[in-house]
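Asker: what follows is a predicted protein model with its sequence.
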Amino acid sequence: MMDRFKSDGFADESDARASSKSREESDISFILTGFGPFGKISLNPTAEIIKGLTEKRNNGDVRLSNVLKLKIVHTSAESVRNEVEEIVSFLHDVKNTGKTIDDDQPSSASKPRGRDIVLIHFGVNHMKGKKAQFQLEQNAYNEANFRIPDENGYQPKKSPINEMYDMSLKLCTDLNVKRIKTSMENDDFSKGLIGLSGDAGRFVCNFLYWSSLCRIQEEFARKIVEDKNDGFKVHVLFVHVPSFEQIPLEKQEYLSIKLLACIEAAILAKEKKERRNRK
C-alpha cells in the first residue's frame with residue numbers, strides 16, 4: 001500500500017482515474033498555509049507538510065501544479081492579519097492580471113484557469129484525546145480566547161476578532177465537507193482518517209479561519225453578486241491535522257494531496273448540479 005501511494009499519490013485505481021485529468025488543465029487552483037512553532041510545539045507538523053509539498057511542486061509533481069502559493073505563517077494574531085491581507089491582495093492581482101506568487105509577470109501558463117481558488121489553512125490539533133484524523137473544520141467564530149499567549153505574547157480573552165461584527169457571529173465554509181470526507185475515505189488506506197468538526201477552538205487556528213472567511217466574503221462574495229459574469233470564486237477551508245506520532249509525515253502529505261483532488265471533485269459536482277437546475 002505504501003509503495004502505491006508513494007508513486008502516484010492515490011491508494012487505488014478509482015482515485016487515480018479521478019485524478020487522470022492533469023492538474024495543469026484544472027479550472028481550480030489552491031493556496032496552502034501552515035503554521036510555525038508555538039507554545040510547547042517546537043516542530044509544527046503543518047510547517048513540515050507545507051515544506052514537503054513545496055518541494056514536490058518545485059520538482060514538477062503534476063498533482064500540485066495548480067497550487068499557486070504555499071506559506072508557513074508565524075503563529076500570532078498579528079501575523080495572521082497580515083497574511084490574510086497579503087492573500088487578499090494576491091487574489092486581486094491574480095484576478096486582474098494573472099500574476100502568481102512565483103512570477104511577477106502575467107503568464108498564461110501559470111495563471112489560474114478561471115473559476116475557483118481554494119484557500120486551505122492547515123493547523124495542528126495538539127489537544128490530548130483527539131482522534132488521529134484530518135479534521136475538516138466547518139465553522140469559525142468571531143471570538144479570540146487564547147489559552148496561552150501567541151508567539152508575539154498576545155493573549156486575548158473572550159474578545160472579538162473583528163470588532164465590526166458581533167462576537168457571536170459564526171462563518172461557515174461553502175465547501176461540501178461531507179462529500180469531501182466521503183471521497184477521501186473511499187479506500188482502505190484512508191478510511192477512518194478523516195473527520196468533521198464544527199468548532200476550530202478559539203486560538204490562532206480559529207483566528208486565521210474566521211479572518212480568512214470574513215475578508216474573502218467582504219472582498220469577493222460581494223463582487224460575484226455585482227457581476228454575475230465575473231466567475232471568480234474563492235473558497236476557504238481549515239484542516240486540523242494530528243501529530244506525526246499519530247500519522248507520519250509521509251501519510252499526511254498523501255492525505256493533503258488527496259484532499260486537493262477531492263475538493264476539486266466536490267466543486268465540479270456542485271457546479272454541474274447548479275447548471276442542471278438552471279435548465
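Answerer: On my side now, so go ahead.

Asker: tell me the spacing between D93 and G39.
Answerer: 35 Å (CB to CB, to the nearest Å). C-betas here are computed from N, CA, C, even on glycine.

Asker: which helix or strand lies directly C-terminal to the helix or strand hosting L32?
Answerer: L32 is part of strand 28-35 when elements are defined by DSSP states H and E. Counting by DSSP H and E, the next helix or strand C-terminal to strand 28-35 is helix 45-58.

Asker: so how far is that next one off the chain centroid?
Answerer: Between the centre of helix 45-58 and the centre of its chain there are 13 Å (CA atoms, centre = their mean, to the nearest Å).

Asker: and that helix, what does it pack against?
Answerer: strand 28-35, strand 67-73, strand 116-124, strand 233-241, helix 249-278 (3 or more CB pairs under 8 Å, 6 or more residues apart in numbering; DSSP states H and E).

Asker: nearest to G60, out of those?
Answerer: Counting by CB to CB, G60 lies closest to strand 67-73 out of the helices and strands packed on helix 45-58; the figure is 12.4 Å.

Asker: which elements pack onto that closest one?
Answerer: Strand 67-73 packs on strand 28-35, helix 45-58, helix 77-97, going by 3+ CB pairs under 8 Å, 6+ apart.

Asker: buried stuff in stretch 253-272?
Answerer: For stretch 253-272, the neighbour count (16 or more other CB atoms under 10 Å) marks 253-268 as buried.

Asker: quick one: the spatially most central residue of the chain and T173, what's the gap?
Answerer: For the chain, I120 is the residue whose C-alpha lies nearest the centre (CA atoms, centre = their mean; 0.7 Å). Going from I120 to T173 by CB to CB gives 10 Å.

Asker: what is in contact with these two at once?
Answerer: With contacts taken as CB atoms under 8 Å, 6 or more residues apart in numbering, the residues that reach both I120 and T173 are L237, F238.

Asker: so who does E151 touch?
Answerer: G36, P37, F38, H74, T75, S76, S79.

Asker: check K251 too.
Answerer: The contact partners of K251, by CB under 8 Å, 6+ apart, come to L193.

Asker: look up how far T75 lies from the spatially closest residue to P160 that is not a sequence neighbour.
Answerer: Of all residues not flanking P160 in the chain, M167 sits nearest, at 4.3 Å (CB to CB, 6 or more residues apart in numbering). If you measure M167 against T75 using CB to CB, the figure is 22 Å.

Asker: and the two? Which one has more around it.
Answerer: Legend: neighbour count by other CB atoms under 10 Å for M167 and T75, higher for T75 (26 against 15).

Asker: pLDDT at V84, what is it?
Answerer: Note on V84: pLDDT of 98.

Asker: and it, how many neighbours does it have?
Answerer: 23.

Asker: likewise R278?
Answerer: 6.

Asker: cool, K69 as well?
Answerer: Count around K69 with other CB under 10 Å applied: 20.

Asker: thought it was touching D93?
Answerer: No. K69 is beyond contact range of D93, at 11.2 Å (criterion: CB atoms under 8 Å).

Asker: what mean pLDDT does stretch 121-134 get?
Answerer: Stretch 121-134 comes out at a mean pLDDT of 84.

Asker: for stretch 156-174, same thing?
Answerer: Regarding stretch 156-174, the rounded mean pLDDT is 96.

Asker: chain center to that stretch, what's the gap?
Answerer: 20 Å.

Asker: what's the answer for stretch 78-97, then?
Answerer: On the basis of CA atoms, centre = their mean, stretch 78-97 sits 15 Å off its chain's mean C-alpha point.

Asker: ok, stretch 71-80 next?
Answerer: Centroid separation for stretch 71-80 versus its chain: 15 Å, with CA atoms, centre = their mean.

Asker: give me the buried positions along it.
Answerer: In stretch 71-80, counting by 16+ other CB under 10 Å, buried: I72, V73, H74, T75, S76, A77, S79, V80.

Asker: quick check: the farthest pair among these?
Answerer: I72 and A77 (16.2 Å).
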